[in-house]
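Give me coordinates for this.
(2 chains)
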Number of protein chains: 2
Amino acid sequence: MKHNFNAGPSILPKEVFEEASRAIVDFNNTGLSILEIGHRTPLFEAVMDEAVSLVKELMKLSPDKEVLFLHGGASTQFFQVPMNFLSQEKKAAYLDCGVWGTKAIKEAKLFGQVHVVGSSSDKNYTYIPHGYDVPNDAAYFHYTTNNTIEGTQMHSIPQCNVPLIADMSSDILSRDLDFNQFDFIYAGAQKNIGAAGVNLVVVDKDFLLKANQHLPSMMDYRVHVANGSMLNTPPVFAIYVCLLTLRWLKKLGGIPAIEKLNKQKASLLYTTLEKSSLFHLPVHQEDRSLMNAVFTMTDASLEKDFLLLCKREGMIGIEGHRNVGGFRVSMYNAMPMSSVEALTELINEFINKYSS
Amino acid sequence: MKHNFNAGPSILPKEVFEEASRAIVDFNNTGLSILEIGHRTPLFEAVMDEAVSLVKELMKLSPDKEVLFLHGGASTQFFQVPMNFLSQEKKAAYLDCGVWGTKAIKEAKLFGQVHVVGSSSDKNYTYIPHGYDVPNDAAYFHYTTNNTIEGTQMHSIPQCNVPLIADMSSDILSRDLDFNQFDFIYAGAQKNIGAAGVNLVVVDKDFLLKANQHLPSMMDYRVHVANGSMLNTPPVFAIYVCLLTLRWLKKLGGIPAIEKLNKQKASLLYTTLEKSSLFHLPVHQEDRSLMNAVFTMTDASLEKDFLLLCKREGMIGIEGHRNVGGFRVSMYNAMPMSSVEALTELINEFINKYSS
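This next block holds a predicted model:
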């Protein structure tokens, strides 16, 4: 029995693995593999249509929003967004809350002026900045909703008077937000949506009108909208895994149901860690992520033993990101409560061993 | 029993489907799905390393060549290549032999001057142009080795004095070529290499030195080389399917062995079609593709019946591309001789029925 706390690619629901595995040898009783069907066939068009429609339903998107599945990962969006919506005469506002935001800022600077409205780099990104101003003449405001590496999460939607763009790679579909407040949302699929190699993009139709002209076709969101995410051969299998995961989420009760579970999982873990001074939680309490819990040992020499215990219990993916060290527990949608319970039991065992 | 003549995504070896299916529920007896393993773990690093090494071995690449697996499809490379190697002060030479070449030319024009050295558009791309000159001051010369849609293939490597770039999406690994003559090769994986959603790129180290500066990280081949194709989360599963297909090809005897089979399959099909005036083969004989055979019916009213016969025998993917009409039979590496034999039997049956 493995408990997979990987930060991404990460655990997906067991039934998704099973169904995806079947589809590789026989997709929908066609006698064909999902890997060998043409993307311009009714077989795959049905996959794409249902996936798009489930995203709209689960996120309660208004008819003003377009849903795309595009090649690549969030790192592709880091430059594709400014390539479409920024230029040398324009200015974009970015909030800098961690590694991913920093990368997005770096790419945006290639296309125009970037105004960093706030940053938590002064304290190792252990909190979400407040009290910043987004200039009214910015082409857009970009932020990262959840910082996978640093374990922070923005728990409310920032208010501003310019188009709002969010990188939701590590917490999309995990909590109820008014997604219609965003002009542009993107998320690499490999945490809460499906398999690596595809991006989910939600874009406002009016915002699209502001996009730059003369872009490479594969970079132009308007072209992808016009072609229903099939300008070229899409990442067929990755999109199919998204569909299976979206179906699973709907069956479970949608975003409100998973949010409740996610809160229970995170609460159990944080409460357990807080019980003992053996553990140090660097993130400000109000900014803690429900998806990625980051902690270190007060006595770093104990880290090795903790990792050994984890290994004994089949727990993987617990090591912190190489930039941060310590530990990181990722608890995405598909992470069952039972795995978090197993981990907290192990933490309690560890506390008993070393607190005496 | 299905015979899958899809043009791409297309048939892959049966053992690849079976192994990929197993890996989705249990990858290498780890108890984990290939979809949930971290890409920066020894588990996946071994996949990437072996895939890269098999490409080098099968293509007999010199140590001067770098092998990359990048997000997207050939359509991504249509603009990524000129973004790296062309600029407004430079000129690139392109050969226009069909839909894909035309698309590549369109994207290149966004980045610099494009000189189309030859085109077969005058005769519906039914032949490969000869006697063209590639200017010595071109930044590079780009051509498509096999035209999936039009059914033509360039059977020798064009000679020129500038860096040579080829889109090999639909015939890579299918025939023995001196791949070291190319400065840059790219291919969408979904025909002869693996699953949709990843590109194979082979690039010459010296040629890389000529790339433009200040590119978006995800577009910069040098950055991908420096990061071993893992600047960001790669399309893990698609690359794994490539690995399985590469292993299968090696076991079979590599490129020389598959080339022999591919010639036998194509020869059987073309010979059978040539027997009867019911069929029209639009492509000049010397330019016929070993991968995609295109034909029409002399009497178009018989097309429907032919399709019905194909359907009866479980043959799919036979309809021609929407731009061309008629029929197209794709016979990529994984297409077994038995399927081509079944098709030729059906063609003979059709000839007997209508020639009497």
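
Can you report how many residues lie near residue A:305?
By other CB atoms under 10 Å in any protein chain shown, 13 other residues sit near residue A:305. For glycine as for every other residue, the C-beta is placed from the backbone atoms N, C-alpha and C.

just residue A:224 next, same as before
Residue A:224 has 23 nearby residues by other CB under 10 Å.

Report the contact partners of it.
Residues in contact with residue A:224 (CB atoms under 8 Å, 6 or more residues apart in numbering or on different chains) are A:68, A:70, A:201, A:231.

Which one of those is nearest to chain B?
Distance ranking of these against chain B, using CB to the nearest CB, places residue A:231 first at 6.7 Å.

Find the nearest non-adjacent residue to residue A:111, please.
Excluding the flanking residues, the one nearest residue A:111 by CB to CB, 6 or more residues apart in numbering or on different chains is residue A:82, at 4.0 Å.

what does the helix or strand hosting the one you found rub up against?
Element membership for residue A:82, per DSSP states H and E: helix A:74-85. For helix A:74-85, the surrounding residues in contact (CB under 8 Å, 6+ apart) are A:70, A:72, A:92, A:100, A:103-104, A:106-108, A:110-112, A:139-140, A:142, A:163, A:165, A:167, A:169, A:184, A:186-188, A:199, A:201, A:207, A:210-212, A:215, A:219-221, B:71, B:216-219, B:231-232.

Show me what secondary structure element comes after it.
That would be, after helix A:74-85 and using DSSP H and E, strand A:91-96.

related to what we said a few turns ago, what subset of the contacts of residue A:224 is buried?
A:68, A:70, A:201, A:231 (16 or more other CB atoms under 10 Å in any protein chain shown).

Let me know the angle separating whatever helix or strand the third one lives in from helix A:74-85.
So that's residue A:201. Applying DSSP H and E as the criterion places residue A:201 in strand A:198-204. Inter-element angle recorded for strand A:198-204 and helix A:74-85: 30 degrees (by axes from the mean of the first three to the mean of the last three CA atoms, to 10 degrees).

So which bits of the helix or strand following strand A:198-204 are buried?
Remark: after strand A:198-204, the chain's next helix or strand is helix A:205-208, criterion DSSP H and E. Residues A:207, A:208 are the ones in helix A:205-208 that count as buried (16+ other CB under 10 Å).

Stretch A:338-348 now?
A:339, A:340, A:342, A:343, A:344, A:346, A:347.

Over to stretch A:216-225?
Those would be A:216, A:217, A:218, A:219, A:220, A:221, A:222, A:224, A:225, for stretch A:216-225 by 16+ other CB under 10 Å.

So which of the residues you listed are in strands?
Taking DSSP state E, every one of the buried residues of stretch A:216-225 sits outside strands.

now, which of those sits nearest chain B?
Nearest member of the buried residues of stretch A:216-225 to chain B, counting by CB to the nearest CB, is residue A:216, at 3.5 Å.

Quick one: residues contacting the closest one.
So residue A:216 contacts B:78, B:79, B:83, B:107, B:110 (CB under 8 Å, 6+ apart).

Repeat that for residue A:54.
Residue A:54 neighbours (CB under 8 Å, 6+ apart): A:243, A:246, A:247, A:250.

and the stretch 201-350 of chain A, which residues reach chain B?
A:214-219, A:231-238, A:241, A:314, A:316-317 (CB under 8 Å from any CB of the partner chain).

Are any of those residues buried, and if so which?
Buried among these (16+ other CB under 10 Å): A:215-219, A:231-238, A:241, A:316-317.

Just the ones of those in helices?
A:236, A:237, A:238, A:241 (DSSP state H).

Contact partners for the last one?
Residue A:241 makes contacts with A:12, A:16, A:20, A:189, A:194, A:195, B:35, as judged by CB under 8 Å, 6+ apart.

quick one: pLDDT of the second one?
Which is residue A:16. Per-residue pLDDT puts residue A:16 at 98.

how would you label it: helix, strand or coil?
helix (DSSP: H, G, I helix; E, B strand; the rest coil).

That one is in contact with residue A:242, isn't it?
No. If you go by CB atoms under 8 Å, residue A:16 and residue A:242 don't touch, sitting 9.5 Å apart.

can you map out the strands along the stretch 1-150 of chain A?
A:3-4, A:65-71, A:91-96, A:113-119, A:141-144, A:146-147 (DSSP state E, counting those that start in this stretch).

how about these, which one is nearest residue B:41?
Shortest distance between residue B:41 and those, using CB to CB, is found for strand A:3-4: 11.4 Å.

pLDDT (mean, whole number) over the closest one?
Strand A:3-4 comes out at a mean pLDDT of 96.

partners of it in the sheet?
strand A:315-316 (parallel) (DSSP bridges).

Return the distance of the strand it pairs with from the chain's centre.
Centre-to-centre, strand A:315-316 and its host chain are 21 Å apart (CA atoms, centre = their mean, to the nearest Å).

repeat for stretch A:120-136
With CA atoms, centre = their mean, you get 20 Å for stretch A:120-136.

Turn the contacts of residue A:224 into JSON lines, columns for distance to residue A:39 and pLDDT.
Below are these laid out as JSON lines (distance: CB to CB, whole Å; pLDDT from 0 to 100):
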{"residue": "A:68", "distance to residue A:39": "15", "pLDDT": "98"}
{"residue": "A:70", "distance to residue A:39": "14", "pLDDT": "98"}
{"residue": "A:201", "distance to residue A:39": "18", "pLDDT": "98"}
{"residue": "A:231", "distance to residue A:39": "11", "pLDDT": "96"}
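
Considering those residues, which is situated nearest to residue A:297?
Distances from residue A:297 to the contacts of residue A:224, taken by CB to CB, are shortest for residue A:201, at 39.7 Å.
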